[in-house]
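Enquirer: pasting a predicted model and its sequence here:
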Amino acid sequence: MRHSVGEYVREQAHTNGVESFWALMKRGYAGTYHRMSPKHLQKYVNEFAGRYGIRDLDTIDQMAAIIRGLVGRRLRYRDLIA
C-alpha cells in the first residue's frame, strides 16, 4: 500500500483491521489503564486481542465468552508481581 498516492487497498490486502485493533487498544490505554508497564505489556495486548476477537458479538454473548475463558484460570497477586 502506498497511502501517499491514495492507495489504501490492494485486492484483499488492507490495513483497516490492524488500525481498528490499535484504535481499540489506545482507547483502553487512555480510558482505563493510563499506563501500561513494559513488564506486563503482552498481557495487555492479549486482553485487547481477545476483546477484538469477540467485538462482533452482542453484549450478552461477549460476557458469556469472557466467563468461559475464566473457567479454570487463576491469577494470584504474588504471581502477578513476580
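Expert: That came in fine, so what should we check first?
Enquirer: count of neighbours near Met25?
Expert: 19 (other CB atoms under 10 Å). Every residue, glycine included, has its C-beta placed from N, CA and C.
Enquirer: show the contacting residues for it.
Expert: Tyr44, Val45, Phe48 (CB atoms under 8 Å, 6 or more residues apart in numbering).
Enquirer: Ser20 now?
Expert: So Ser20 contacts Tyr52 (CB under 8 Å, 6+ apart).
Enquirer: and the helix or strand that contains it, how far from the chain's centre?
Expert: Per DSSP states H and E, Ser20 falls inside helix 16-28. Using CA atoms, centre = their mean, to the nearest Å, the mean C-alpha position of helix 16-28 is found 7 Å from that of the whole chain.
Enquirer: after that helix comes which helix or strand?
Expert: With DSSP H and E, the next secondary element past helix 16-28 is helix 41-53.
Enquirer: what's in contact with that following helix?
Expert: Ser20, Phe21, Leu24, Met25, Gly28, Tyr33, Met36, Ile66, Gly69.
Enquirer: if we can go back for a sec, any of the contacts of Met25 buried? List them.
Expert: The neighbour-count test (16 or more other CB atoms under 10 Å) marks Tyr44, Phe48 as buried among these.
Enquirer: looking at the contacts of Met25, spot the one nearest Tyr77.
Expert: Tyr44 (17.4 Å; CB to CB).
Enquirer: quick one on the thing from earlier: looking at the contacts of Met25, which is nearest Thr59?
Expert: Phe48 (17.4 Å).
Enquirer: appreciated, that's everything.
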